[in-house]
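> only geometry, no sequence info:
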């Protein structure tokens, strides 16, 4: 790419002089339609439980879910992503709670669809919030068994779709799960249920507050490096995405977000498929911790972090800032 011109006839600062000029020449824009709001669910009734490691984030009981997202719907946020909190005493080795049609995810999905039929629902497909060991699949001799896990995930995805979840989002990183889930959904006539694959999900240290939010911090045995990706690798991410798209993924995701903008950019440029990023709990909590100490301006840091995803090529971003960002965008 070549641009003619030299100083002083060319002055790059001219187009930065006024707010209206900066708006005219902006290369990327963030809109409310780019935002997906992750929300946490908890058992009980009338519950709004703060997540200590995520300032401003709460877990809500299913009876309050529709009220909790009402402002998001009014602001035009197109979708929410659902994650259940499961205390250790309600977990087991096989994650059987994932296959209960009356579990938190299914009850909340039914309530949300009844109250807000136009709101997109994205459901997390994995076993980490249901297993006593905190892994995304079932253990066999201490190792997460791929095929046994995929068989369970297929049943989980079908149950969620039947409850009203529009987009199933496998976050487990098992091999072959996208094709198997697609086949399972189609076999049940759920041909319109979309799959958003966590295609490039890294074994990251930025997930810690999320594990607190879903009750997995104390449960997790060991780490997830045998199935989540090595942060040192980038070419491998392209292979993962290619496989998932070939198996039937409608959308793909890169996770975490800001530390992996290079991966996001490569994926979008290489495949041109709908590509999303997850601004994960650790990213959110770092900003909020700095804001609480007066080291960062909340709105500036929030909006700057979100436009980064658009600049890198994301179609949209899952962010715990979604509601606050939507308020800011609507205010102008």
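Cool, the structure landed. What you are looking at is a predicted structure, and each value in this text was computed from that prediction instead of being measured.
> list the contacts of the helix ranked longest in the chain.
Ranked by residue count, the top helix of the chain under DSSP state H comes out as helix 146-163. The contact list for helix 146-163 (CB atoms under 8 Å, 6 or more residues apart in numbering) reads 94-95, 98-99, 101, 105-107, 109-110, 123, 125-127, 136-138, 140, 168, 170, 172, 174-177, 180-181, 183-185, 188, 190, 193. Using the backbone N, CA and C atoms, a C-beta is placed for each residue, glycine as well.
> the residues you listed, buried ones only, as a ChimeraX selection?
Restricted to buried positions by 16 or more other CB atoms under 10 Å, the ChimeraX selection for the contacts of helix 146-163 reads:
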select :94,95,98,105,106,107,109,110,123,125,126,127,136,137,138,168,170,172,174,177,180,181,184,185,190,193
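> let me see the ranges of the strands in the stretch 151-300 of the chain.
Per DSSP state E, counting those that start in this stretch, the stretch 151-300 of the chain carries strands over the ranges 167-170, 194-201, 251-255, 275-279.
> how far off centre is the longest helix of the chain?
Taking CA atoms, centre = their mean, to the nearest Å, one finds the center of helix 146-163 at 18 Å from the center of the full chain.
> what's the angle between that helix and strand 194-201?
Put simply, helix 146-163 runs at 140 degrees to strand 194-201, going by axes from the mean of the first three to the mean of the last three CA atoms, to 10 degrees.
> same question for helix 146-163: list its buried residues.
146, 149-150, 152-154, 156-163.
> swap in stretch 52-59?
Using 16+ other CB under 10 Å as the test for burial, stretch 52-59 gives 53, 54, 55, 57, 58, 59.
> now, which of the buried residues of helix 146-163 sits nearest residue 324?
Nearest to residue 324 among these, counting by CB to CB, is residue 160 at 27.5 Å.
> show the pLDDT at the nearest residue to the closest one once chain neighbours are set aside.
What sits nearest to residue 160 in space, not counting adjacent residues and going by CB to CB, 6 or more residues apart in numbering, is residue 123, at 4.2 Å. Residue 123 is assigned a pLDDT of 98 by the prediction.
> next, format the buried residues of stretch 52-59 as a markdown table and append secondary structure.
Shown next, in a markdown table, are the buried residues of stretch 52-59 (DSSP: H, G, I helix; E, B strand; the rest coil):
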| residue | secondary structure |
| --- | --- |
| 53 | coil |
| 54 | coil |
| 55 | coil |
| 57 | coil |
| 58 | strand |
| 59 | strand |
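> of all the residues you listed, which comes closest to residue 67?
Of the buried residues of stretch 52-59, the one sitting nearest to residue 67 (CB to CB) turns out to be residue 58, at 12.1 Å.
> pull the contacting residues for that closest one.
Each residue near residue 58 by CB under 8 Å, 6+ apart is listed here: 40, 48, 49, 50, 51.
> apply 6 Å and report the result again.
Neighbour list for residue 58: 48, 49, 50 [criterion: CB atoms under 6 Å, 6 or more residues apart in numbering].
> show me the contacts for the first one.
Right, the one you point to is residue 48. 58, 60.
> just residue 219 next, same as before
Residue 219 makes contacts with 88, 134, as judged by CB under 6 Å, 6+ apart.
> ok and whichever helix or strand the residue nearest to residue 160 is part of relative to helix 146-163, angle-wise?
Following DSSP states H and E, one finds residue 123 within strand 120-125. Angle between the axes of strand 120-125 and helix 146-163 is 150 degrees (criterion: the same axes, to 10 degrees).
> picking that back up, tell me which of the contacts of helix 146-163 fall in helices.
Residues of the contacts of helix 146-163 located in helices (DSSP H): 105, 106, 107, 109, 110, 177, 180, 181, 183, 184, 185.
> so which of the strands of the stretch 151-300 of the chain comes closest to residue 21?
strand 275-279 (29.1 Å).
> contacts for the closest one next, please.
In contact with strand 275-279 (CB under 6 Å, 6+ apart) are residues 252-255, 257, 264, 267-268, 309, 314-319.
> what of stretch 129-140?
Defining contact as CB under 6 Å, 6+ apart, one finds that stretch 129-140 is touched by 84, 86, 91-95, 97-98, 126-128, 144-145, 148-149, 172, 214, 216, 219-221.
> what's the end-to-end length of it?
18 Å (CA to CA, to the nearest Å).
> what ranges do the strands span in the stretch 1-150 of the chain?
All strands of the stretch 1-150 of the chain, identified by DSSP E, counting those that start in this stretch, fall at 35-41, 48-50, 58-60, 79-84, 120-125, 139-140, 143-144.
> relative to residue 296, which of those strands is closest?
Closest approach to residue 296 among those (CB to CB): strand 35-41, 20.3 Å.
> need the mean per-residue confidence for the closest one.
For strand 35-41, mean pLDDT rounds to 98.
> likewise stretch 21-28?
96.
> kindly report the same for stretch 88-95.
What stretch 88-95 shows for mean pLDDT is 94.
> so residue 296 makes contact with residue 286?
No. Taking contacts as CB atoms under 6 Å, residue 296 lies outside contact range of residue 286: 9.4 Å.
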